[in-house]
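**Q** using only what follows, build the 3D model:
(chains A, B, C and D)
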Protein chains: 4
Amino acid sequence: MYGWEAYLSERDKKHDEQWGKKELYGFGSKPAFVLIDIYYSVLGFKREPIFESMEMWPSSTGLEGWAAVDKTAELLAVARENGIPVIHVKGLHSGVNHWGRRKRKLVEMSPEMRQRGTQIVDEVKPVEGELIIEKAAPSAFHGTPLTFQLISLGIDTVIVAGETTSGCVRASVVDGATQRFRMGVVSECVFDRTEASHYMNLYDMHNKYADVVFLEDAKEYFNQIGAANKQKIHA
Amino acid sequence: MYGWEAYLSERDKKHDEQWGKKELYGFGSKPAFVLIDIYYSVLGFKREPIFESMEMWPSSTGLEGWAAVDKTAELLAVARENGIPVIHVKGLHSGVNHWGRRKRKLVEMSPEMRQRGTQIVDEVKPVEGELIIEKAAPSAFHGTPLTFQLISLGIDTVIVAGETTSGCVRASVVDGATQRFRMGVVSECVFDRTEASHYMNLYDMHNKYADVVFLEDAKEYFNQIGAANKQKIHA
Amino acid sequence: MYGWEAYLSERDKKHDEQWGKKELYGFGSKPAFVLIDIYYSVLGFKREPIFESMEMWPSSTGLEGWAAVDKTAELLAVARENGIPVIHVKGLHSGVNHWGRRKRKLVEMSPEMRQRGTQIVDEVKPVEGELIIEKAAPSAFHGTPLTFQLISLGIDTVIVAGETTSGCVRASVVDGATQRFRMGVVSECVFDRTEASHYMNLYDMHNKYADVVFLEDAKEYFNQIGAANKQKIHA
Amino acid sequence: MYGWEAYLSERDKKHDEQWGKKELYGFGSKPAFVLIDIYYSVLGFKREPIFESMEMWPSSTGLEGWAAVDKTAELLAVARENGIPVIHVKGLHSGVNHWGRRKRKLVEMSPEMRQRGTQIVDEVKPVEGELIIEKAAPSAFHGTPLTFQLISLGIDTVIVAGETTSGCVRASVVDGATQRFRMGVVSECVFDRTEASHYMNLYDMHNKYADVVFLEDAKEYFNQIGAANKQKIHA
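**A** As a prediction, the model looks like this:
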């Protein structure tokens, strides 16, 4: 059960039986792991329920966000153990006019705290040698060198974690599929502010652009790739 | 009422009260009207309920699709009357490997009928002088000259109709907003196979990337632009 | 001798000794062969010296163009024998406003002849199963699905023929290198209207973005790839 | 006289008479000024002739580069006086695999000096409020948010300065023209390592993609735009 079933209408359920995806597309032999927008301002500095967290960080995803971060940290460790290229994507703060047109009143805080809000959380922070890409778009691909790097490394599959499921994750997954990469979304490692958006975007991505898989499957996939690569080196 | 309210969870409704969009972003002074993927194979040759229509055209959107086509034809007439540039977007059938990875069994039919399935429906078909753009991606922008044409015409606002709300419409709206065009989605003129996807994608687009507006508002907007342009010419 | 030496200044020659490229970058294991803009209007229907040919086709490249076409036909045969994916790129004539801003007076001719002018010449025309990509830009990559196809096929190297060296070939080579494909330009298979532009663009491409190679080397490369692929299949 | 005449062959001169560009395309009403890659490592810390400068900075452009920097500083002042949006473009140093495949031996120097080599030279350095865009491509457009910003500002014309004429300037001008912006290259404000490449790329750009103009003309254009904008505000 992926969780989206509860959000489908009765007609949708019948439609899904007839038209819905029944088999995974499958992944390739050269994956990268891409972490999208996992910084403090969408989580808060403390682990709090969403409505409490929103008092300071109005765009917080609350405890569901933190739960996904912990799962992402697990998968990140497995990716690193197996030599899977890891790419971190975050917002660019350089003065480019923002794609979002909402003017939101900012909660008052010190410049240091606001700055810390833009930092990737410690649980999944980049280590030496991992690429950080800054984007001025919802998608990790648009207006960034991400495609350049993926082609340069011969990547055929992109496994995605981060937030929001209905925002930058969705946009990146559509673009990755458009570029003809095989896309994977790890169910426990993506998160959102809105429950219905979270589940319906998982549904859309799974049916159109990506395989939505579970954490254990993603770990196993990275382990298999790691084992195959070790064999190649020893052969 | 936009219709998405029924699909939100109780928590989502509370969240939306606090964080949801309260005001439209607004449109600019130089719009284009872009019609996406309104061809027979997603509607059927006959106007039938979705499950009947799917017998011949498994990707049909049924009567809801046809209703949106009729509304789109209304808006198209207003766009043409007011000299709004109209761009039709449809699939490219040239042999580029498809972004969709589903292998679907095709319903048996004559090559002529299959070919007709790829044609834009008569109700909104292009007239002399209207640009047709073919895409090999969900988005109308990716791998096409759409941005070139919009910049060339000095367009600042893109009003969208077509299908599916959760597929090519959504992908195009995200890309258009990314490119910093003002995006509008006409509620009655977009359609989908899945009700929950339709409404939740309207919700996502409205809250992140576009103004979802009603047909009457879109007509009024095109009429205002047309009137302003006439005044400029006479001035 | 590549031919560009004659166009360098004395200072340039000294500079080139110190800074110029001394070794090829090398090609990868999965090439595609891309033919750019080899249609009648840049060659003429008859094989004539450039100034005679220009009377009917002002943008003709004359006999030098035809010589390159014959060499390209040779290389195309070798590519096909070896199962190298072949992609033909030509202009899109759909009403998109052109990137070129020159208004040129058209030579009078029948619509049939003008239409034939846009066709790929018989010597290198596409065969069943070869992709044709239409572009509304100098580069074969911009606003087209070319990158999608290359990624889909796992291509790492793009070998280029066609015209003009200083126009669409150059633009495509820069974009291909930007996308991190290994780029090759076949010296005898690219052509131009302007001699100095031809040679200086070869020089620029070789020093910055691509390996400029000779026809025999390109043939040998395709033969090696073909032989390696056969071995893989038999293994 | 643009300077490229000396590099054309006799046939080219005759060809140019018949086919060459005779009139400027003209600029629009909303320009931006884009400065490309004007940092110390292509100029050196001292103003020295190219071969001396290359001892420390092998990619230096020498005194010709410095002369162009001084002219660019003049034009930059005029742009700022007239409220023309200024955008600085420089290399991204984040670990993305480079598009250039040359391995060059680095001259030994301290990390501080090498770091200073990547900085924009004081003569044209950004002031508060001017956007800096970092690129991982020859072109300022590819893999960057430059197009987003230009569309956001309603820009129709891009005036370019910087280096090298045959490298990042050329690539950016081709991409800008592809995107349907009106492109201008200021003859005295672009520079290169290779004389023939400099002049032949000016020739190519002028004949295909841009108006190559002189510094005085560019100043006058910016002054006119500034005066027109002041009038609008007062009207």
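**Q** which strands or helices does the longest strand seen in chain A pack on?
**A** When chain A is parsed with DSSP state E, its longest strand is strand A:182-191. On a contact count with 3 or more CB pairs under 8 Å, 6 or more residues apart in numbering or on different chains; DSSP states H and E, strand A:182-191 meets helix A:62-81, strand A:157-163, helix A:170-178, helix A:195-208, strand A:211-213, helix A:215-234. Backbone N, C-alpha and C define where each C-beta goes, glycine included.
**Q** how near is residue A:78 to residue A:98?
**A** Distance, residue A:78 to residue A:98, by CB to CB, to the nearest Å: 35 Å.
**Q** neighbour count: these two, which is higher?
**A** residue A:78 (18 against 15; other CB atoms under 10 Å in any protein chain shown).
**Q** and the more buried one, what does it touch?
**A** A:218-219, A:222-223 (CB atoms under 8 Å, 6 or more residues apart in numbering or on different chains).
**Q** report the buried members of those.
**A** A:218-219, A:222 (16 or more other CB atoms under 10 Å in any protein chain shown).
**Q** dump the helices and strands packed on strand A:182-191 into CSV; add distance to residue A:18 as well.
**A** Shown next, in CSV, are those (distance: least, CB to CB, whole Å):
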stretch, distance to residue A:18
helix A:62-81, 32
strand A:157-163, 28
helix A:170-178, 23
helix A:195-208, 13
strand A:211-213, 20
helix A:215-234, 26
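**Q** columns mean pLDDT and distance to residue D:160 on top of these, output as CSV?
**A** Formatted as CSV, the helices and strands packed on strand A:182-191 follow (pLDDT from 0 to 100; distance: least, CB to CB, whole Å):
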stretch, mean pLDDT, distance to residue D:160
helix A:62-81, 98, 42
strand A:157-163, 98, 34
helix A:170-178, 98, 29
helix A:195-208, 98, 40
strand A:211-213, 98, 44
helix A:215-234, 94, 44
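**Q** out of these, which is closest to residue D:204?
**A** When these are compared by CB to CB, helix A:170-178 sits nearest residue D:204, at 32.1 Å.
**Q** relative to strand A:182-191, how tilted is the closest one?
**A** Here the directions of helix A:170-178 and strand A:182-191 differ by 170 degrees (axes from the mean of the first three to the mean of the last three CA atoms, to 10 degrees).
**Q** ok, residues contacting helix A:170-178?
**A** A:34, A:36, A:89, A:137-142, A:158, A:160, A:164, A:183, A:185, A:201, A:204-205, A:208-210, B:99, B:137-139, B:142-143, B:170-171, B:174, B:178, B:204, C:148.
**Q** show me what contacts residue A:58?
**A** A:104, A:107, B:18-19.
**Q** so it: helix, strand or coil?
**A** coil (DSSP: H, G, I helix; E, B strand; the rest coil).
**Q** from residue D:52, how far off is it?
**A** Counting by CB to CB, the gap from residue A:58 to residue D:52 is 58 Å.
**Q** likewise residue A:128?
**A** 38 Å.
**Q** between these two, which one's more packed in?
**A** Using other CB under 10 Å, the more surrounded residue of residue A:128 and residue D:52 is residue D:52, with 13 against 5.
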